[in-house]
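Participant: curious how this folds, go ahead:
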Amino acid sequence: MARTQISTDTSIWLLQAKGFLDEARRLKPGPERNELRQTARVLREIAKLEAASEPALDRNWRQRT
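Facilitator: Next up, the predicted model:
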């Protein structure tokens, strides 16, 4: 099985999503597994939104200093 390398700037949301997916893979198909997969999907969306907002936050911070 191939291992993915996680960079040091990986979002905590993505790390949590990976944990939920790893746990979901250990379960048999069913409602609990689906819930874990849905939670991971939401966490990935949060990470995407956070990454999109960081350049704006950085730009605003530079303007204030």
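Participant: now do the contacts for R44.
Facilitator: Taking Cβ atoms under 8 Å, 6 or more residues apart in numbering, we find R44 in contact with W13, L14, A17. In short, each C-beta sits where N, CA and C put it, glycine included.
Participant: what's the answer for A24, then?
Facilitator: R33, L36, R37, A40.
Participant: now with 6 Å?
Facilitator: R33, L36, R37 (Cβ atoms under 6 Å, 6 or more residues apart in numbering).
Participant: take these and keep only those in helices.
Facilitator: The helices, defined by DSSP state H, take in R33, L36, R37 from those.
Participant: can you tell me which residues contact the last one?
Facilitator: Residues touching R37, when contacts are defined by Cβ under 6 Å, 6+ apart, comprise A24.
Participant: quick one: it and P55, what's the gap?
Facilitator: To P55, R37 is 30 Å away according to Cβ to Cβ, to the nearest Å.
Participant: equivalent analysis for I46, please.
Facilitator: 17 Å.
Participant: how far away is E32 from A17?
Facilitator: Look at E32 and A17: by Cβ to Cβ, they are 17 Å apart.
Participant: settle it for me: which of those two has more neighbours?
Facilitator: A17 (22 against 12; other Cβ atoms under 10 Å).
Participant: and the helix or strand harbouring that one, how far out from the chain's middle?
Facilitator: If you go by DSSP states H and E, A17 is part of helix 12-26. Between the centre of helix 12-26 and the centre of its chain there are 8 Å (Cα atoms, centre = their mean, to the nearest Å).
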